[in-house]
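S.K.: please work out how this folds:
(one chain, ligands or ions: 2)
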Amino acid sequence: MSGNRAPLVEVIGLSRRYALPGGRNLQALDNVSLSVAPGEILGIVGESGCGKSTLARIVMALDRPTSGNVLLEGDDLFALSPRELARRRRNFQMIFQDPYGSLDPRMSVARIIAEPLRLLPERLSRAEKAKRVAAMLEDVGLRAEDGARFPHEFSGGQRQRIAIARALITRPKLVVADEATSALDLTVQAQILRLLRDLRARHGLTMLFISHNLGVIEEIADRVGVMQAGRLLEIGPTAAVMENPREEYTRRLLAAEPTLDFLEQPA
Ligand SMILES: Nc1ncnc2c1ncn2[C@@H]1O[C@H](COP(=O)(O)OP(=O)(O)OP(=O)(O)O)[C@@H](O)[C@H]1O
Ligand SMILES: [Mg+2]
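M.R.: Ligands and ions are numbered 1, 2, ... in the order given. A predicted model of the protein is given here:
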């Protein structure tokens, strides 16, 4: 999609080294470069420990690279003042793996979803907030009345919908989803993937979608980057990479992957 538009995010030669006890170093990211175009869903796949979450955290400015850079709409992410970074936060939201751990159990669902609205420049009235939260709940397939309930009253799949509603309430330009469906069983994963595709179609969402599961990536991503041991091995249109992987490692990942063809069935 929109391949010729200026990238929303550009990752340039990104490396992250962690110092381990005993003076050793771990190269969690090694010279990774990629870009995400507006409206695109870029999948990142690779086995546990290959650096996917490290990449996600750095793109969200939750961690800093050892070297390299991230450009957000052309601007150096790590040169932004804290104030400017805060101002842009609403445009960059994250969905985490564990929908329960990331939802405050003491807050009602409506308050949880409304929370990022404080990042908006305009001050919304209480009624306007309630209206937006109700519409967002319906967008993710829950009921407006569910806002009065608490996270523990929902299933895992419903909690992930709540996390998605919270991530989308400010209408962010970019959503980074890190294993957003991995904790869910296959049917619920399929529902959430359909929901994300639907929300993308309706709201023009741009996503960096991280998963260790190639079947999930195949369902949702326009392009896919394959990572191994901190490096980006290959990147290209999802169908092309899946049908004709350039790298032996990708071939082995594909061979190990059960297919999720049933995800294509209508809801
Ligand atoms: N704060 C940290 N300190 C030291 N090492 C770290 C730190 N964070 C991550 N690592 C290491 O960096 C490597 C990459 O970790 P990362 O969490 O990015 O992997 P991942 O691809 O997200 O794995 P998973 O699929 O299991 O979530 C791992 O070897 C991990 O142990
Ligand atoms: Mg991870």
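S.K.: which residues touch the residue of the stretch 101-250 of the chain found nearest ligand 1?
M.R.: Closest contact between the stretch 101-250 of the chain and ligand 1, by CB to the nearest ligand atom, is at His212 (4.7 Å). For glycine as for every other residue, the C-beta is placed from the backbone atoms N, C-alpha and C. Residues near His212 by CB atoms under 8 Å, 6 or more residues apart in numbering: 45-48, 52, 179, 182.
S.K.: and Ile164, what element?
M.R.: According to DSSP states H and E, Ile164 maps onto helix 156-168.
S.K.: just to revisit the earlier point, now the residue of the stretch 101-250 of the chain closest to ligand 1: phi and psi?
M.R.: phi -80, psi 0 (degrees, to the nearest 10).
S.K.: ok, back up a step: what's the helix holding Ile164 in contact with?
M.R.: Residues beyond helix 156-168 that count as contacts (CB under 8 Å, 6+ apart) turn out to be 93-96, 99-100, 102-103, 109, 112-113, 115-116, 133, 136-137, 139-142, 151, 154, 175, 180-181, 183-185, 188, 191-192, 195-196, 199, 203, 205.
S.K.: number of residues surrounding Val175?
M.R.: Using other CB atoms under 10 Å, Val175 has 23 other residues around it.
S.K.: cool, Pro237 as well?
M.R.: 13.
S.K.: that one contacts Gly225, correct?
M.R.: No - the criterion here is CB atoms under 8 Å, and Pro237 misses it with Gly225 at 11.3 Å.
S.K.: got the contact list for Leu184?
M.R.: Contacts of Leu184 by CB under 8 Å, 6+ apart are 156-157, 160, 192.
S.K.: can we see that at 10 Å?
M.R.: If you count contacts by CB atoms under 10 Å, 6 or more residues apart in numbering, Leu184 has them with 97, 99, 155-157, 159-160, 190-193.
S.K.: now Ile41
M.R.: 1, 175, 177, 196-197, 200, 205-209, 217, 220-224, 238 are the contacts of Ile41 under CB under 10 Å, 6+ apart.
S.K.: specify the beta-bridge partners of it.
M.R.: Met207 (DSSP bridges).
S.K.: okay, it and ligand 1: tell me how far apart.
M.R.: 18 Å (CB to the nearest ligand atom, to the nearest Å).
S.K.: could you do Leu8 as well?
M.R.: 22 Å.
S.K.: that residue and Glu73 touch, don't they?
M.R.: Yes - between Leu8 and Glu73 there is a contact at 6.3 Å, judged by CB atoms under 10 Å.
S.K.: the closest residue to ligand 2 within the stretch 51-200 of the chain: which element?
M.R.: Using CB to the ion, the closest approach of the stretch 51-200 of the chain to ligand 2 is made by Ser53 at 3.1 Å. For Ser53, the host element (DSSP H and E) is helix 52-59.
S.K.: mind pulling up the pLDDT for the residue nearest to Gly46 when sequence neighbours are not counted?
M.R.: Closest residue in space to Gly46, ignoring its immediate chain neighbours: Met227 at 3.5 Å, by CB to CB, 6 or more residues apart in numbering. If you check Met227, the pLDDT there is 96.
S.K.: quick one, phi/psi of Met227?
M.R.: Dihedral angles for Met227 - degrees, to the nearest 10 - are phi -110, psi 150.
S.K.: ok, back up a step: next SSE downstream of the helix holding Ile164?
M.R.: strand 174-178.
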